[in-house]
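Trainee: Return a 3D structure for these sequence lines:
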Amino acid sequence: MKAQDINFHLKELPLEGDVRPLLKEIRKDSISQIVLACSSKRILDILRQANQVGLISTYHSYVLTSLDLQTVDLAEFRDSGVNITGYSIIDPTKSEVANAVSDWVFGELRYGRALDLTEKKLTVSAALIYDAVLLFSKALHDLDRSQDISVRPMNCNSPDQTTYGSALVSYMKLMELDGLTGSIKFDGRGYRTQFSLDIIEYSHTEDFKKIGTWTPSYGTNFTRNYQDVYAQIIEGLQNRTFRVTTILTQPYVMLVPDWEALGLEGNDRFEGFAVELIKDISEILKFNYKIHVVEDGNYGSLDANGQWNGMIKELLDQKADVAIGDLSINYDRETAVDFTTPFLNTGISILYKKAQKKPPSLFSFLLPFSVDVWIYMATAYLGVSVLLFILARITPDEWDSPHPCKESDVLENTFNMQNCTWFTIGSLMQQGSDIAPKAVSLRLVAALWWFFTLIMISSYTANLAAFLTVERMDSPIESAEDLAKQTKIKYGCVGSGSTIAFFRDSKIPTYQRMWSFMESARPSVFNKNTPEGIDRVIKSNGGYAFMTESATIEYQTERNCDLVQIGGNLDSKGYGVALPHGSPFTGAFSSAVLQLLESNKILILKTKWWKEKHGGGRCGKKESKSLSSANELGLANVGGVFVVLLLGLIAASIVGLFEFFWKARKLAGDEVESIKAEMFKELKFALSCSGEDTKPVRKRQRIGDSDSNINRNSVNRSAIWKSNGPNSNNNSNS
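Mentor: Below you'll find the predicted structure:
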């Protein structure tokens with residue numbers, strides 16, 4: 001953390017007497033890290049008063065600036081869990097300190113005086129005096145060996161100065177020695193350099209323990225590592241009793257049914273996911289705990305005056321040591337308390353009553369295709385039938401003798417209009433027909449029509465199966481955007497907590513519009529707790545939607561088949577275990593949660609309480625979408641089939657026209673007529689309104705006939721064409 005990110009509150013201690021009013025102000029400001037600058041004689045008294053106002057606990061840390069801290073007996077705070085850190089310039093474990101103390105004690109005994117002094121009771125002032133005398137005597141002794149020093153009496157009030165004063169001071173600046181306060185060395189100005197301060201911490205097992213050093217040159221250097229700190233925290237957790245605050249919410253914390261009749265007390269009254277979670281954490285960290293329900297029934301949020309309520313308030317007021325349940329982690333709460341690693345990930349979603357099943361339609365078999373597709377199919381059916389009829393009359397290959405075994409004067413065409421429509425409908429229904437085309441053009445049309453019907457019938461069958469097997473629902477909403485666009489369906493959330501804070505502080509226009517609606521709705525759409533909101537959804541019969549965490553919605557939809565989750569999560573968050581700000585146990589709790597996550601123990605607990613206990617799994621896995629995922633096929637899905645059919649029909653028409661032209665050309669050459677006249681004659685017969693399916697045989701003239709026969713035959717042919725035209729049934733020989 002950067003220095004500019006730290007807020008300092010400077011408060012002046014009274015010179016003496018009662019300091020509890022000042023300490024109460026500190027507690028009111030929720031200050032847990034305190035630097036106490038006072039003499040060692042006042043330390044014990046101030047700490048006792050701090051204990052009286054509740055400032056001595058596991059969640060408070062004190063840094064004492066007095067260098068005589070090791071001389072203060074803090075045994076009465078050993079079991080409080082408070083962290084007390086200070087500095088010491090005397091290392092009581094050094095042999096120089098032990099020897100000096102021993103000399104003092106035995107020196108006093110020679111004069112019959114008892115001196116209550118130990119290495120830990122040695123004050124800094126005494127040690128500094130000892131080092132100063134030691135330095136002066138050694139300097140004087142060394143200077144006396146280099147030159148003759150004479151001593152003469154002097155009056156302190158006299159302006160006279162000793163001759164050797166300046167030399168003695170200059171020599172002392174150059175000296176180096178180890179004293180009771182460490183290495184003694186001075187700079188040119190006479191300031192002490194290269195000294196070090198031991199950073200000491202009060203331990204509940206061995207009084208003060210050295211955890212690092214501080215020097216003017218290199219600053220702070222801690223000698224213990226994270227493993228040592230973690231081991232010390234774990235040791236402090238063992239056999240400690242934590243006050244656990246929670247809130248009654250399914251399936252996290254619930255009262256055991258008939259717990260009073262069963263005579264259950266304490267923690268045995270509760271069951272649920274969070275209850276088993278805190279039990280598993282306690283077994284890992286070896287601590288005890290006592291569960292109680294939060295007094296005001298709230299999770300914890302800031303009110304208009306900036307004051308916290310719910311479980312967060314109990315942590316801040318030190319009425320609880322741990323808060324557990326469906327308590328989501330957000331920015332505001334993170335600034336007030338500490339959270340562990342999330343043990344469950346979730347997000348805000350919408351709980352709504354499941355839409356009623358759509359009543360089956362009498363013509364539901366038409367649903368796989370849109371209306372446009374049905375119209376295009378009907379048009380294609382009629383178009384192909386008409387084209388088959390026209391091409392069959394144009395192409396000569398479809399005109400056959402009605403009596404194949406003997407020569408006939410009449411040709412017959414089986415592809416009349418009725419047969420053409422029957423052929424196409426038979427292909428469309430996958431039933432076939434008793435007639436088959438022989439001409440290339442008709443076969444091409446038939447093949448393309450069969451391809452078209454193959455794709456269309458396959459698509460229809462596949463989509464029809466989806467429509468028949470998937471339930472279709474009539475749901476008025478499918479997302480948060482749908483809620484925001486209407487006002488008929490009311491929606492809300494719990495009146496305090498992270499969900500209402502999400503909508504209140506959101507910068508997204510949709511959620512801002514939803515917050516304005518919820519805030520102005522009358523009667524209020526907010527609920528006191530989650531069960532009340534769920535009950536409101538059930539009783540509203542589709543008139544109310546409740547927004548809460550998706551994990552809670554998943555639990556409810558596993559048991560109440562009339563409820564469903566609408567859309568996905570509106571945000572992403574996690575549930576964590578909350579501890580007071582600055583708690584030394586947060587890291588240990590997070591490690592325990594990670595251990596449970598990696599061992600899949602939390603997943604097992606979630607499966608147990610969501611899908612097995614108390615009717616779980618009754619409704620099976622629920623989809624968030626309320627409508628069927630099968631959609632009707634539009635023209636864009638099958639448009640390519642129509643394109644292929646159209647191109648094929650054009651190709652078939654071209655082939656039919658080519659056949660018509662080629663046959664007309666041959667007939668014109670055989671009967672000595674122009675191609676134009678022959679084409680007109682054949683086209684007139686093919687497109688006649690009567691639609692005759694027979695016509696006379698056109699016989700070729702033999703080469704050996706005389707001119708008279710030719711002329712006679714020509715006349716006879718003309719007569720025959722007149723008598724055997726489209727409206728005549730006479731069959732004369734040409």
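
Trainee: how close does the most centrally placed residue in the chain sit to residue 252?
Mentor: By Cα atoms, centre = their mean, the mean C-alpha position of the chain lies nearest to residue 572, the distance being 4.0 Å. Residue 572 is 19 Å from residue 252, where distance means Cβ to Cβ, to the nearest Å. Glycine gets a C-beta too; all of them are placed from N, C-alpha and C.

Trainee: can I assume residue 85 sits in a helix?
Mentor: No. Residue 85: not assigned to a helix; according to DSSP: H, G, I helix; E, B strand; the rest coil it is strand.

Trainee: ok so, going back, the closest residue to the residue nearest to the centre of the chain other than its chain neighbours: what's it in contact with?
Mentor: Spatial nearest neighbour of residue 572, chain neighbours left out: residue 347 (4.9 Å); criterion: Cβ to Cβ, 6 or more residues apart in numbering. Neighbour list for residue 347: 549, 550, 568, 569, 570, 571, 572, 573 [criterion: Cβ atoms under 8 Å, 6 or more residues apart in numbering].

Trainee: neighbouring contacts of the top strand by length along the chain?
Mentor: The longest strand of the chain (DSSP state E) is strand 207-215. When contacts are defined by Cβ under 8 Å, 6+ apart, strand 207-215 is touched by residues 69-70, 74, 85-88, 91, 120, 194-203, 220-224.

Trainee: in it, what's buried?
Mentor: 208, 211, 213 (16 or more other Cβ atoms under 10 Å).

Trainee: Need phi/psi at the residue nearest to the centre of the chain.
Mentor: For residue 572, the backbone dihedrals are phi -130, psi 130 (criterion: degrees, to the nearest 10).

Trainee: Let me see the confidence value for it.
Mentor: pLDDT for residue 572: 88.

Trainee: Hmm, it is touching residue 342, no?
Mentor: No. Residue 572 sits out of contact with residue 342 when judged by Cβ atoms under 8 Å, with a separation of 10.3 Å.

Trainee: which other residues reach the helix or strand hosting residue 47?
Mentor: For residue 47, the host element (DSSP states H and E) is helix 40-52. Here helix 40-52 makes contact (Cβ under 8 Å, 6+ apart) with 13, 18-20, 23, 36, 38, 56, 62, 64, 66, 68-69, 71-74, 76-77, 80, 123.

Trainee: Show the buried residues in those residues.
Mentor: Counted by 16+ other Cβ under 10 Å, these give 19, 23, 36, 56, 62, 64, 66, 68-69, 71-72, 74, 77, 80 as buried.

Trainee: Excluding sequence neighbours, find me the nearest residue to residue 511.
Mentor: residue 503 (5.4 Å).

Trainee: what's around that neighbour, how many residues?
Mentor: By other Cβ atoms under 10 Å, the residues close to residue 503 number 22.

Trainee: That one falls within a helix, correct?
Mentor: Yes. Residue 503 sits within a helix when classified using three-state DSSP.

Trainee: give the contact list for it.
Mentor: By Cβ under 8 Å, 6+ apart, the neighbours of residue 503 are 493, 511, 514, 515, 518, 547.

Trainee: just residue 587 next, same as before
Mentor: 230, 233.

Trainee: Please enumerate the helices of the stretch 351-500 of the chain.
Mentor: With DSSP state H, counting those that start in this stretch as the criterion, the stretch 351-500 of the chain has helices at 371-394, 417-428, 440-469, 480-484, 498-505.

Trainee: As TSV, those with mean pLDDT and distance to residue 557 would be great.
Mentor: Formatted as TSV, the helices of the stretch 351-500 of the chain follow (pLDDT from 0 to 100; distance: least, Cβ to Cβ, whole Å):
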stretch	mean pLDDT	distance to residue 557
helix 371-394	90	36
helix 417-428	86	45
helix 440-469	85	21
helix 480-484	89	18
helix 498-505	87	18
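
Trainee: Indicate which one of those helices is closest to residue 687.
Mentor: Distance to residue 687, taken as Cβ to Cβ, is lowest for helix 371-394 among these, at 7.4 Å.

Trainee: which residues are in contact with that closest one?
Mentor: By Cβ under 8 Å, 6+ apart, helix 371-394 touches 366, 369, 398, 413, 415-417, 420-421, 423-425, 428, 437, 439, 441-442, 445-446, 449, 452, 456, 633-635, 638, 642, 645, 649, 652-653, 656-657, 659-660, 682-683, 686-687, 691.

Trainee: swap in stretch 611-618?
Mentor: So stretch 611-618 is contacted by 250, 251, 555, 558, 559, 561, 609, 610 (Cβ under 8 Å, 6+ apart).

Trainee: Which is the succeeding secondary structure element to the longest helix belonging to the chain?
Mentor: In the chain, ranked by residue count with DSSP state H as the criterion, the top helix is helix 635-670. Per DSSP H and E, the first helix or strand lying C-terminal to helix 635-670 is helix 675-686.

Trainee: Could you pick out which of the contacts of strand 207-215 are located in strands?
Mentor: 85-88, 197-203, 220-222.

Trainee: now the residue nearest to the centre of the chain: how far from residue 550?
Mentor: Counting by Cβ to Cβ, the gap from residue 572 to residue 550 is 10 Å.

Trainee: Same check on residue 316?
Mentor: Going from residue 316 to residue 550 by Cβ to Cβ gives 29 Å.

Trainee: what's the answer for residue 98, then?
Mentor: 66 Å.
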